[in-house]
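mind folding the following:
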Amino acid sequence: MAETLILVLFMITGGSAVLELSLEDALRLAIENNRDIQIEQKNIEVSEGEVQAQEGVFDPVLNISTYYLDGETPTTSTFIPTGTINEQQFNAQTNVEGTLSTGTFYNILNFSTTRTETDSPIQDLSPSWFNSVSFSLGQELLKNFGIGVNRTFIVRAKRSYEISEKELESITSNVLLSVESRYWLLVAAKKNLDLERTALELALDLQRRNEIQVEVGVLPPVSVTQAKSEVAAREVNVIVAENSLQAASDNLKNVLAMELSRKIETTDEPTTAVYKFNETQSLEVAYEERPEMYQVLLDIENKETLKKYYSNQKLPRLAVEGTVDLQGLGGDENPDRLSFGEVPEPIPPQFLGGGEAFSQLFGADFPTWQILGVFSFPLFNRTARGEYVKATAELDRSHITLSKTKDDIALEVRSSIREIENSLRAIEAARISVELAEEVVNNEQERLNVGIGTTREVLEAQRDLIDAGTREITAIASYNIALAELEHAKGTLLQKNSIEIGQ
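Predicted coordinates for the structure are as follows:
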C-alpha cells in the first residue's frame, strides 16, 4: 500500500524526481513504512501467539504407543526341561488425557491390547489376547481448584495482547508527533534558506550600489570592502542554511523509512491561527485517552490476577480420582500346555478364541472400580510463598507506576499548553520586530543614498531584519509543533489525523 501511495504521489507531481508531500501524505507514509511501527506490529503477533499457546494448556493429548517383542527367556522350571521359553509379543496402547479449566483431570479411552505367543507349557492359551480399557476422572479440591486460578495465564496473555495493542497505539502516536515535528522543521528550514538567500541578494544589491557611488565619489572605497565582506558572510550563511535544510529533509525521510537520496518537497504551510485550551479539560481527556494509562491499568489487573494465583499455590494439594477398568482375555488352546492327567483340564469356553477378549471388554464382563484420594503438603512451600511475596510487591509497584504515569501526563499537558502560549507571544513579538526592522532598513538605505548614512548602519539594519525573520519562522514552527505535542499529550493525535489502529 505504501508503494501505491508513493506511486500516486509521483504521478501527481507529473513524474518529477521530487516527491511533493503534504503533512497528511507524510503521516500516511509513516503509518505504512515506519520501522518502529512494523516492529510493534510483530510484537502484537507474538502476543497473539502467546494467547494461543496458553489456551493450548487445556488441549487434550492423544498418546499412541506400540512394541513388538521376540525373545528367549532362561528358566529352571521342572516343567520346562529345555530351560528356555520362546515368546513373541505385540502390544498397542492408546489414550486421551488432559485437564480442564475447572481443575478436573482425565484419562479416557486408555485402551491396551496384547497378543502373546509362547511355547511355555504352563500357559494354557497361545496365542492369547489380553485387552483392557479404563476411564479415569479426577478433581483438584484445594490447590488449582476453580476456573479463575487455572485460567490465570490465559487471562494474563490476553491482557498482554491488549497491552501490545496499546503499545502500538503509543508508538504510532510518537511516530506521528515525530513526523509532524520534523515536517514543520523542514518547512522552517526551507523558509530560513529563502530568507538567507534574500539576505544575500540584499548584500549583493548593496555592494552594487556602493560600487556605483564610490565611482562617482559619493562614498569612500571602504564601503565596497564592507559590502563585499558582508556578501561573503551571507554566502556562508546560505551554505549553512542549505545544509540545515538537507539535514531536516533527511530527518523526515528517516522517520518515513524513505531512501535518503530521494528528493522531497513540502506543500503545506504552518498555521498561525490562535487556539486556546483549558488545562483541566485537557487533563481529563489525557487521563481518558492516553494509551499509557490503559497499559498501566491492564498491568495492574494482570498483577492482581497473578497475586490471586500464587495465593492459591500456597494451599496443599487435595484431589480425588475415580477409575473404572474393563478387561478381556481370549485365545487358542496351547497345544504344549501341561496336563496332570490323561485328559487336560478343559479351558472355560468364554476364553477360547481371540475374539472373546474383545467381547468380554465390550460386555464389561470383568469390571474394576477404584477411588483414589491424594493429599500433598510441601513442608516449607518456600517457592509458592516467595512467588506470592514477589507478586504482591509487583502489584504495589504497578500502582506506583500508575501514579507516576498520571504525573508525567499532567506535566506533558501543562508544558504543551505553556509552549503554545509562549510560541504565540513569540510570533507576535517577531512580527513586530520584522515590521520595525523593515522600516529601519528602508530608512538607513535612504540615509546612505543621500550621503548621511553609512554602509555599516545599513548592514546592521539588514542583519536585524534577517534575525527578526528567523525568529518569526522559528516561532511559527514551534507553535505548530506545540499544537501537535498537546494532541499527543492528550492522546488524541491519532483521532485528530483520522487514523485508526487496526485490531
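
contacts for stretch 270-281, please.
Defining contact as CB atoms under 8 Å, 6 or more residues apart in numbering, one finds that stretch 270-281 is touched by 184, 187-188, 413-414, 417, 420, 424, 427, 476-477, 479-480, 483, 486. (Glycine included, C-beta is placed from N, CA and C.)

now do stretch 387-405
Stretch 387-405 has contacts (CB under 8 Å, 6+ apart) with 290, 292-293, 296-297, 299-300, 303-304, 306-307, 309-311, 313-314.

where does V218 sit: helix, strand or coil?
coil (DSSP: H, G, I helix; E, B strand; the rest coil).

please name the spatially closest residue to it (chain neighbours excluded).
Closest residue to V218 apart from its sequence neighbours, by CB to CB, 6 or more residues apart in numbering: G451 at 5.8 Å.

and if you look at G148?
K308 (6.9 Å).

ok so that neighbour is a strand residue?
No. Counting by three-state DSSP, K308 is not found in a strand; it is helix.

distance-wise, check it relative to V389.
As judged by CB to CB, to the nearest Å, K308 and V389 stand 14 Å apart.

neighbour count winner among the two?
Neighbour tally, K308 and V389, criterion other CB atoms under 10 Å: the higher count belongs to K308, 15 against 12.

list the contacts for that one?
Contacts of K308 by CB under 8 Å, 6+ apart are 148-149, 152.

for the residue nearest to S376 when sequence neighbours are not counted, give me its contacts.
Distances taken as CB to CB, 6+ apart place R317 nearest to S376, at 4.0 Å, with adjacent residues excluded. Applying CB under 8 Å, 6+ apart to R317 gives the contacts 140, 142-144, 374-377.

R209: which of those is nearest?
Using CB to CB, N144 comes nearest to R209 of those, at 93.7 Å.

who touches the residue lying closest to the closest one once chain neighbours are set aside in this structure?
Using CB to CB, 6+ apart and skipping the chain neighbours, the partner closest in space to N144 is G103 (4.9 Å). G103 is in contact with 139-141, 144-146, 149-150, counting by CB under 8 Å, 6+ apart.

any of those residues buried? List them.
Buried members of the contacts of G103, scored by 16 or more other CB atoms under 10 Å, are 139-141, 144-145, 149-150.

burial measure for D336, as a count.
Here the number of neighbours of D336 (other CB under 10 Å) works out to 13.

could you say which helix or strand holds the residue nearest to it when sequence neighbours are not counted?
Once flanking residues are discounted, D336 sits nearest to P121: 4.9 Å by CB to CB, 6+ apart. P121 is located outside every helix and strand, with elements delineated by DSSP states H and E.

also L465?
helix 455-490.

buried set for that helix?
455, 457-459, 461-490.

with just CA atoms, put stretch 63-70 into PDB.
What follows is stretch 63-70 as a C-alpha-only set of coordinates in PDB (Å, rounded to 0.1, in the frame of the first residue of the first chain):
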ATOM      1  CA  ASN A  63      -1.000 -40.900  23.000                       C
ATOM      2  CA  ILE A  64      -0.300 -44.000  20.900                       C
ATOM      3  CA  SER A  65       2.400 -46.500  21.700                       C
ATOM      4  CA  THR A  66       3.300 -49.900  20.400                       C
ATOM      5  CA  TYR A  67       6.000 -52.500  20.700                       C
ATOM      6  CA  TYR A  68       6.900 -56.000  19.400                       C
ATOM      7  CA  LEU A  69       9.000 -58.400  21.500                       C
ATOM      8  CA  ASP A  70      10.700 -61.600  20.300                       C
END
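
pipe the contacts of R317 into JSON lines and attach pLDDT per row.
Shown next, in JSON lines, are those (pLDDT from 0 to 100):
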{"residue": "E140", "pLDDT": "95"}
{"residue": "L142", "pLDDT": "93"}
{"residue": "K143", "pLDDT": "93"}
{"residue": "N144", "pLDDT": "93"}
{"residue": "V374", "pLDDT": "93"}
{"residue": "F375", "pLDDT": "94"}
{"residue": "S376", "pLDDT": "93"}
{"residue": "F377", "pLDDT": "89"}
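
what about the helix or strand harbouring S423, distance to the chain center?
Assigning secondary structure by DSSP H and E places S423 in helix 382-449. Centroid separation for helix 382-449 versus its chain: 27 Å, with CA atoms, centre = their mean, to the nearest Å.

that helix vs helix 455-490, what angle?
150 degrees (axes from the mean of the first three to the mean of the last three CA atoms, to 10 degrees).

avg pLDDT for helix 382-449?
Mean pLDDT, helix 382-449: 92.

over to stretch 107-119?
Mean predicted lDDT for stretch 107-119 stands at 91.

swap in stretch 303-311?
95.

so what's T102 up against?
Counting by CB under 8 Å, 6+ apart, T102 has contacts 139, 145-147, 150.

pick the one among those closest to E500.
Nearest member of the contacts of T102 to E500, counting by CB to CB, is I147, at 34.2 Å.

where exactly do the helices run in the chain?
2-12, 23-33, 35-55, 147-150, 152-215, 222-255, 279-289, 291-313, 355-362, 382-449, 455-490, 493-496 (DSSP state H).

what about the spatially closest residue to P316 that is not a sequence neighbour, how many residues close to it?
The shortest distance from P316 to any non-neighbouring residue, by CB to CB, 6+ apart, is to F377 (3.8 Å). A count of nearby residues for F377, using other CB under 10 Å, gives 11.

top of the contacts of stretch 387-405 by number of neighbours, please.
When neighbours are counted by other CB under 10 Å, R290 leads the contacts of stretch 387-405 with 26 neighbours.

good, wrapping up.
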